[in-house]
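*Asks:* Fold the following and give me the result.
(2 chains)
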Amino acid sequence: MKASEEFKKSFFISLWFMLLTFPILVIRVNTIEKVVEWRWRNMAFIGIGSFLLSFVWRRLLSRKEKGRQPAETGNVETLPLGRRLLAEPRIYRPALTALALFTIAFPLLFSSYQTNIMTTALIYVMLGLGLNIVVGLAGLLDLGYVAFYAVGAYSYALLNHHFGLGFWTILPVGGLLGALFGILLGFPVLRLRGDYLAIVTLGFGEIIRLILENWNAFSFGPSGIANISRPGLFGISMTLNEATIYIYYLMVALCLFTIFVVNRLQDSRIGRAWIALREDEVACQAMGIDKTRTKLTAFALGATWAGMVGVIFAAKTTFINPASFTFMESAMILSIVVLGGMGSIMGVILGALILILTPEYLRAFSAYRMLLFGTAMVLMMVFRPQGIVTNIRRVYRYGTKGKESRPAQA
Amino acid sequence: MDSVLTVNSLTMNFGGLRAIDSVDLEVRQEEIVALIGPNGAGKTTFFNCLTGIYEPTEGDIFISPTPGGRRRINGIKINRIAEMGIARTFQNIRLFSNMTVLENVMIGRHCRAKAGVLGAVLRGRKTRREEQEIVDRSYEILVRTGLADQADEPAKNLPYGAQRRLEIARALATEPFLLLLDEPAAGMNPRETDELEELIVRIRDEAKISILMIEHDMRMVMSLSNRIIVLDYGEKIAEGTAAQIWENPVVIKAYLGEDFQGDA
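*Replies:* You can find the predicted model right below:
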């Protein structure tokens, strides 16, 4: 579209908005003095504001349309700048080293308050990576993911409370219980897809939360469980500050472990089966892939991480109650995956850091948090629906000459 | 020649509708059999019964992947049937469109590999060797089907004819003894059809795979098939060689209607 045409359209839009808002924003009847006030300034604001917004919006949309064409021809030379930078060893190696040093030095450089926030962000990184297996790779929309997180947290809290079992014993148990509940949820929803699956998983998440809230004899109800032990380190007693730093490093290690495992899974025979299942269920089965098994593995492996993070969450906060496991949390984790880029590990990490850290550091805008969040979501979906980082496919080596395949953009 | 597929009075009902009415069919080793018939005759339903997507109401389906080994496959799950060696393509192309051409074929090799979750995470020597084998074999199939140059292209970017060929390549990757092609030449131009014909003959001759295909392109059906079976309203109305079918009055009636025959 030409600029003059856009100009004209935006002009009419601003006129239309001025007319629409005229009765409420311009006229005010002052009932005490019995006069009508005409606030023409408001009209000017609306006019200019809507004109600018519409103009910028149109510009961006047309730029997006233009940008799409070279991408469709599959031209490899036009890889995005970020991808090209990452492919260059001279750039990504020092960058990675700097990032690693920063991660290690973080608790020493910043206060324990900051460390705590970072630990929370890392918890969401791990949750996002877990959900990414289910939603991003296998394409199963799970809106009740927080249930597995709750299972992990409560398994540590309860086993610690009743039997005094330690963190390190429960960490794998939490993961296993998460996987078990993943399979438990997986069985009834094997036949469901899309919206139906989303509704059932949503219900599952709520069931778990309601059980925890109402079964007082089992979970102590809404009052929750307090005095959960922090993770131990060969029986060394730690101050609160030291414990915070310890959990931070623990979380970093677990995140690295998750990244390692998810990355390997994604590039394996099973990962390919997940992606194929997402693309076409019938064709996938006709190629000899066991749908039941593949789906259940996805649910179980996704839930394992949530179960493990749940244990850490309980150990970190030392107090849990059902209020920490509402649908809002599931929505948050899902947003991390979608915003970051479905199926992309880098994307999920970035998504988690952005979505969790931004609200913490922009406390001044906390009243507008949901508004900004919503706007960001809408803008993302319009201009970059594939997420911040698109999935980079594995590079395969094949052929007699050892010809190397180029990574294709998913 | 031994038969690799024997279907005895297969019947498929959907509620009150009888889509297939006791059809008998046999495919022998290294034979190309064509299944033809007007739209809605039940051809694709027949394929869906063979591949386990539907469980037939009545009748038996026997396969003999190896001479002598005979097995009834009614009601067996889709993926198990694929494992046993029946591979198929779809009428409306069902590729994994966001995956690359190579990955599509690699999915076909899924059922011939074993690596589990633990293998994938640890990625030991065995798993790595298996992975490489999957890649190599898949690439080899792409070379044979003439798609090697586009190996890294997302499947959705391929031209229509190449997508049809990729479906065949993916099916071949499962190492079938019987290949079911559902309208492989639909929407192809004459040159693509010729290439496809050549490919199908090569599959039979080199890989020793028997082929059962649904096709509307009569030129291709006549030149390729050893035998032709005609379905109409779910019933088998004729079977024979190309020449026999060409002259069969029942077939002409089914295709062109009563009036035409009266005039002729």
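*Asks:* end to end, how far does stretch B:184-197 reach?
*Replies:* End-to-end span of stretch B:184-197 (CA to CA, to the nearest Å): 10 Å.
*Asks:* pLDDT of it, averaged?
*Replies:* In this model, stretch B:184-197 has a mean pLDDT of 90.
*Asks:* In it, which residues are buried?
*Replies:* Using 16 or more other CB atoms under 10 Å in any protein chain shown as the test for burial, stretch B:184-197 gives B:Pro184, B:Ala185, B:Ala186, B:Met188, B:Glu192, B:Thr193, B:Leu196, B:Glu197. For the C-beta atoms, the positions are set from N, CA and C on the backbone; glycine is no exception.
*Asks:* Let me know whether that stretch sits next to chain A.
*Replies:* No - taking CB under 8 Å from any CB of the partner chain as the criterion, stretch B:184-197 and chain A are apart, separated by no less than 15.1 Å.
*Asks:* quick one: low-confidence parts of the chain?
*Replies:* If you meant another chain, say so; for now it's chain A. A:1-2, A:67-87, A:392-394, A:399-410 (pLDDT under 70).
*Asks:* Please refer instead to chain B.
*Replies:* For chain B, applying pLDDT under 70 flags the ranges B:1, B:258-264.
*Asks:* 50 instead, please
*Replies:* Across chain B, the ranges flagged by pLDDT under 50 are B:261-264.
*Asks:* Which stretches in it count as helices?
*Replies:* B:43-50, B:78-84, B:101-108, B:117-122, B:125-144, B:160-172, B:190-207, B:218-224, B:242-247, B:249-256, B:258-263 (DSSP state H).
*Asks:* from the chain's centre, how far out does stretch B:102-120 sit?
*Replies:* Distance of stretch B:102-120 from its chain centroid, counting by CA atoms, centre = their mean, to the nearest Å, is 21 Å.
*Asks:* list the buried ones in that stretch?
*Replies:* Residues of stretch B:102-120 classed as buried by neighbour count (16+ other CB under 10 Å): B:102-111, B:113, B:115, B:117, B:119-120.
*Asks:* if we can go back for a sec, in TSV: the helices of chain B, plus distance to A:Leu350.
*Replies:* As requested, these are exported to TSV (distance: least, CB to CB, whole Å):
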stretch	distance to A:Leu350
helix B:43-50	44
helix B:78-84	36
helix B:101-108	25
helix B:117-122	24
helix B:125-144	29
helix B:160-172	34
helix B:190-207	44
helix B:218-224	52
helix B:242-247	62
helix B:249-256	60
helix B:258-263	67
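*Asks:* so which of these gets nearest A:Thr115?
*Replies:* Closest to A:Thr115 of the helices of chain B is helix B:117-122 (CB to CB; 29.9 Å).
*Asks:* May I have that closest one exported as CSV, CA atoms only?
*Replies:* Extracted in CSV, the C-alpha atoms of helix B:117-122 (Å, rounded to 0.1, in the frame of the first residue of the first chain):
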residue,chain,number,x,y,z
VAL,B,117,14.0,-42.5,25.7
LEU,B,118,17.1,-43.6,27.6
GLY,B,119,19.0,-44.2,24.3
ALA,B,120,18.0,-40.8,23.0
VAL,B,121,19.3,-39.1,26.2
LEU,B,122,22.5,-41.0,26.6
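*Asks:* and of the buried residues of stretch B:184-197, the nearest to A:Ala303?
*Replies:* Taking the buried residues of stretch B:184-197 together and measuring to A:Ala303 by CB to CB, the closest member is B:Pro184, at 42.0 Å.
*Asks:* A:Ile289 contacts A:Arg278, correct?
*Replies:* No - checked against CB atoms under 8 Å, the pair A:Ile289 and A:Arg278 is beyond contact range at 11.8 Å.
*Asks:* So what would you say the end-to-end distance of stretch A:314-332 is?
*Replies:* Stretch A:314-332: ends 19 Å apart by CA to CA.
*Asks:* The stretch 201-350 of chain A: strands as residue ranges?
*Replies:* Assigned by DSSP state E, counting those that start in this stretch, the stretch 201-350 of chain A shows no strands.
*Asks:* Kindly report the residues of it close to chain B.
*Replies:* A:261, A:264-265, A:267-273, A:275-276, A:279-280, A:282-291, A:297, A:301.
*Asks:* That'll do, ta.
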